[in-house]
Structures are given as structure tokens and as C-alpha cells.
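Novice: Have a look at this prediction, sequence included:
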Amino acid sequence: MASITPATGAYQMQVAKGRDLATTVMLPVDITTGAFVVFPTPPRSLGSLSGDRTENFNVPAYPGMFTISGKVTNSQGQGVADVNVGATSDQITNAPSIYFMVGAKTDSNGNYSMNVLSGTNYTLSFVPITPNP
């Protein structure tokens, strides 16, 4: 089992000898909104470990942020509250190996707003609350 401990601005992971380990790095962009970047995509295999090994992960500089906002309405044009809205993209400006994801929930009027990294081809997903029978 791997453990992560802070080590002078870096992280150190200790794993059992002779085990295979595949890595994916997931870092928060904004803890308050739950925005994360994931890299590399797909994860790379470190192969079979038989001793100490150092793996460096270069995190690209994040580009600027912008806002995606909108309103979720029903067929009568009324805002729908508590809809989970997600935004994802793997085409972040000047950061080709980063996958970005963030989520929000609509307010009582159906409005949502999310800060996202500069990029293209964002996919938005909308998941309504489960109705009570």
C-alpha cells in the first residue's frame, strides 16, 4: 500500500518492493470549488519496483481562468434547483497533458457558475436530483 507524506514541497510515496505501480496525479486547482487537474492522461506505469526510485512529475503552469455560467430550466421556463453541473476538458491552453474537472450545483432559481481553466471543448453534464415518490 502506498503512502504519501510531504517532503520539502514535494511528495514522497513508499511502496512495497517487487510491486507494479501505475500513477495518475490529481491536484486541486481550487479546493473551495472542488476544481482539479489530472495528469498524465493516461497514467504511466512505473514497472516492477525492486529498490528506491525517483519519479519526477512536472506540473505545467496553469493558464488563466474564466467563468462558465447559465441557467437550467424546465419545459415551462422555470429554474430548476439542485441540479449537479459538471465541466470537463482535456484541451487546456498550453497544457496538453492536463485533464480539468469542476462541478457546481444550481441555486433555487436554476443558476450555476463555475470557474474553469482556459481551454477548448468543455463538456458540460447536468444531473438532476432524484425526485421523491
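Specialist: That came through fine. Numbering: from 1, shown residues only.

Novice: Low-confidence ranges, the protein, go.
Specialist: Residue ranges of the chain with pLDDT under 70: 1-23, 40-51, 53, 55-58, 132-133.

Novice: Would you mark the buried spots in stretch 74-81?
Specialist: Val80 (16 or more other CB atoms under 10 Å). All C-beta spots, glycine's among them, are computed from the backbone N, C-alpha and C.

Novice: Can you give the contact residues for it?
Specialist: For stretch 74-81, the surrounding residues in contact (CB atoms under 8 Å, 6 or more residues apart in numbering) are 71-73, 106-111, 128.

Novice: Can you select the buried ones among those for me in ChimeraX?
Specialist: Per 16+ other CB under 10 Å, the buried members of these correspond to this ChimeraX selection:
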select :72,106,110
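
Novice: Who are the contact partners of the closest residue to Thr106 other than its chain neighbours?
Specialist: Once flanking residues are discounted, Thr106 sits nearest to Val83: 4.4 Å by CB to CB, 6 or more residues apart in numbering. Val83 makes contact with 72, 105-106, 110, 112, 126-129, according to CB under 8 Å, 6+ apart.
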